[in-house]
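Peer 1: My questions are about this predicted structure, shown below with the sequence.
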Amino acid sequence: MKLNLALSAIALLSQALLPEGHLFSSCTDGSSGGKVDNLLIVRADKASLTTSEKLAISTYSGYLARTSPQLALVTKPEDLAWLNTISETTTDSNNLDDVLSKIPCDKCTYVLCEIGSNSTSAGISFASASKDPVIVATSDEVVTVLEAHGITMNMNLTDTFDDAFWALDQSDLDFSNHLSIIQNVNNPVPLSDLSVKCGALNWWGEGDCEKDPQLPSLPARALNLLTPGDSVVLGWGGGDDPEWDCVHASTSYGSFGMIATDQAINAGVLNIDAESVGLTPQKRKPAAPQDPDESPKHTISFVMSDGDNVQWILNDWSAETGNNGWWSSEDRGKVKMGWTLSPSLGSLAPTVLKAILDGATENDQIIAGPSGAAYAFVNDFPDDATFDAFSAETSYLMDMAGMKIVNVLNDEGWAESTKNLLEQDNIDGVFLYEYNGYSELEGAISFVNNKPVVGGRFNLWSPNFYNVTTLVTALAELPNLTDITSSDGYTVIPVHAWSHNVTDIVEAAQLLEEDGRFDIVLPEELLRRVAENVIQ
Ligand SMILES: *[C@@H]1O[C@H](CO)[C@@H](O)[C@H](O)[C@H]1NC(C)=O
Ligand SMILES: *[C@@H]1O[C@H](CO)[C@@H](O)[C@H](O)[C@H]1NC(C)=O
Ligand SMILES: *[C@@H]1O[C@H](CO)[C@@H](O)[C@H](O)[C@H]1NC(C)=O
Ligand SMILES: *[C@@H]1O[C@H](CO)[C@@H](O)[C@H](O)[C@H]1NC(C)=O
Ligand SMILES: *[C@@H]1O[C@H](CO)[C@@H](O)[C@H](O)[C@H]1NC(C)=O
């Protein structure tokens, strides 16, 4: 009796030590620590592996990562670069057979399903909800390898191909209330490791996230599993406008929103304990005060878009291979500019965030968003309590990265609707865009809680809005452009990542310099000048 009491006290204590309520804190059993001693890496970039073989490896990798990452998959050079940030020693492998020889699995069983059908989601979900290791098998070749290692079939789910609800209908399967994963059944490898690690439901409807005409209640049932104010959705949806539909649906059901990760390989492996990583907040150089004899200038900040897109960040955004125009551009560092970046990286892949922060030049400044802990339309939260929880988590994650500004994308919601975020001490201001066309606010500035909310003025976005030439002309023609006491004196320029790059910003900056009336600064410096000079 006494012994039992002591044991349960220990169990309670160790639970209390877990960072409760933060993104992904529910995914580990508490023993999962920081960097990894040795990682077995399957080189799918060198050996040719089928999707089925990769899925089997990835689901096993997710199970192992519940305790500590041991196994990962490399499909392209960037995957390896990120894996090297969590483990200095790696061993290469070429196939599932070798993996099971090097990391044998006595307790493993497999679930049989068919790739590209509902049974893929059913199988991954079954493996997620199982306490014991379950490998997802979708081909005869994989089954042969598994059986050669003594791994037997647990469940045959191939006949769930026409039932998107199978996992939801099993009352004995418990899924995470903190994470939901929307993933195309034709691309099941990304996020399968994270699903299994975190016990998340993995689901996919043919149509829109919110109102699939075929499956009206699938998103509703899946998203209703989530605890409002303590959950997040990963992956990406289908349908005509997956961005609006999925962000709107995940926000309005009360999760923190959506993190675009549908091509993210090894998310469950990179998801190690943030505190062990020693994140170093961004370098900051105090801005030189403006020379009082100089005539006042129009202050401009360029902000590269789409940092919410974590699958892109983990893929070619920062590819070391060449000059791709974004973070790996040869021109990065030549001009002061801002970059949006999902602060969720601090929790999802902390060593990746550290590598990005360490690689920033003094002319790069990373701001959070859109729109915070995850991509949410903050005016779509169901209630204030949910928005407060989102704001607190956003603040916690921004603090890890030393971010001070949050870029909010709203669903036609104006400055006042960002209030809860601006109640957080470490959030100094908001750059506010509207979902439809970013710069709908045309540079308007408001003060909420005495902190600036600055609307984008002109988008560097072709062909829909401005290109370098038309942007510079439009700026030069602004009325009262050196009036530093009003919004007329300031411009935030959203740079559309899919049509413009760092080189274009450098070119625009040169033209603006020749004009002589403009000063290009980091986002925080623009915000500081606004707070200091603009009459409220
Ligand atoms: C799995 O189920 C399908 C459909 O019911 C069936 O055709 C197949 O033979 C089963 N496979 C095994 C290995 O039991
Ligand atoms: C999944 O099942 C639903 C019915 O629940 C069906 O309408 C849909 O076509 C199926 N999807 C696939 C990819 O087979
Ligand atoms: C940058 O964008 C411009 C077009 O706006 C394009 O001509 C150029 O090739 C791009 N540079 C890189 C490195 O992608
Ligand atoms: C910029 O846009 C203008 C107006 O649409 C167009 O005439 C011009 O050719 C464009 N410049 C470049 C470099 O694409
Ligand atoms: C320029 O500023 C003056 C006063 O500061 C104001 O009356 C006028 O409306 C402004 N012009 C425009 C086009 O905003």
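Peer 2: Perfect, I can see it now. Ligands and ions are numbered 1, 2, ... in the order given.
Peer 1: how about the strands of the stretch 201-350 of the chain, start to end?
Peer 2: Remark: strands of the stretch 201-350 of the chain, listed N- to C-terminal, are 201-203, 232-235, 258-260, 298-304, 337-341; assignment by DSSP state E, counting those that start in this stretch.
Peer 1: is ligand 2 contacted by the first one?
Peer 2: No: for strand 201-203 and ligand 2, the contact criterion (Cβ under 6 Å from any ligand atom) is not met; the two come no nearer than 10.2 Å. Where C-beta positions appear, they are placed from N, C-alpha and C, glycine not excepted.
Peer 1: picking that back up, would you tell me which of the strands of the stretch 201-350 of the chain gets closest to S499?
Peer 2: Taking Cβ to Cβ as the criterion, strand 298-304 is the member of the strands of the stretch 201-350 of the chain that comes nearest to S499, at 11.8 Å.
Peer 1: Okay, now the sheet partners of the closest one, with direction.
Peer 2: Sheet neighbours of strand 298-304, with direction, are listed as strand 337-341 (parallel), strand 490-495 (parallel), strand 518-520 (parallel) (DSSP bridges).
Peer 1: Kindly present the ones you listed as JSON lines, with separate columns for distance to I124, mean pLDDT and mean neighbour count.
Peer 2: Compiled in JSON lines, the strands paired with strand 298-304 are given as follows (distance: least, Cβ to Cβ, whole Å; pLDDT from 0 to 100; neighbours: other Cβ atoms under 10 Å):
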{"stretch": "strand 337-341", "distance to I124": "28", "mean pLDDT": "98", "mean neighbour count": "27"}
{"stretch": "strand 490-495", "distance to I124": "36", "mean pLDDT": "98", "mean neighbour count": "27"}
{"stretch": "strand 518-520", "distance to I124": "47", "mean pLDDT": "97", "mean neighbour count": "22"}
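Peer 1: With distance to S439 as new columns, can the ones you listed be given to me in TSV?
Peer 2: Putting these into TSV (distance: least, Cβ to Cβ, whole Å) gives the following:
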stretch	distance to S439
strand 337-341	15
strand 490-495	6
strand 518-520	18
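Peer 1: Nearest approach to ligand 1 belongs to which of these?
Peer 2: Nearest of those to ligand 1, taken as Cβ to the nearest ligand atom: strand 337-341 at 44.9 Å.
Peer 1: quick one: contacts of that closest one?
Peer 2: For strand 337-341, contacts defined as Cβ atoms under 8 Å, 6 or more residues apart in numbering pick out 301-308, 313, 327, 353, 356, 363-370, 401, 403, 405, 407, 495, 502, 505, 520, 522-523.
Peer 1: restrict those residues to contacts with ligand 4.
Peer 2: Judged by Cβ under 6 Å from any ligand atom, the overlap between those and the neighbourhood of ligand 4 is nil.
Peer 1: Now a ChimeraX select for only the buried ones of those residues.
Peer 2: Applying 16 or more other Cβ atoms under 10 Å to these, the buried members can be selected in ChimeraX as follows:
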select :301,302,303,304,305,306,307,308,313,327,353,356,364,365,366,367,368,369,370,401,403,405,407,495,502,505,520,522,523
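Peer 1: what's the burial count for D388?
Peer 2: 16 (other Cβ atoms under 10 Å).
Peer 1: and if you look at S329?
Peer 2: Residues near S329, counting by other Cβ under 10 Å, number 18.
Peer 1: and it, what does it touch?
Peer 2: Contacts of S329 were listed using Cβ under 8 Å, 6+ apart, and they are N323, N501, V502, T503.
Peer 1: following the lowest-mean-pLDDT helix or strand in the chain, which helix or strand shows up next?
Peer 2: Scoring the helices and strands of the chain by mean pLDDT, DSSP states H and E places helix 2-17 at the bottom, with a mean of 40. Scanning forward in sequence from helix 2-17, with DSSP states H and E defining helices and strands, the next element found is strand 39-43.
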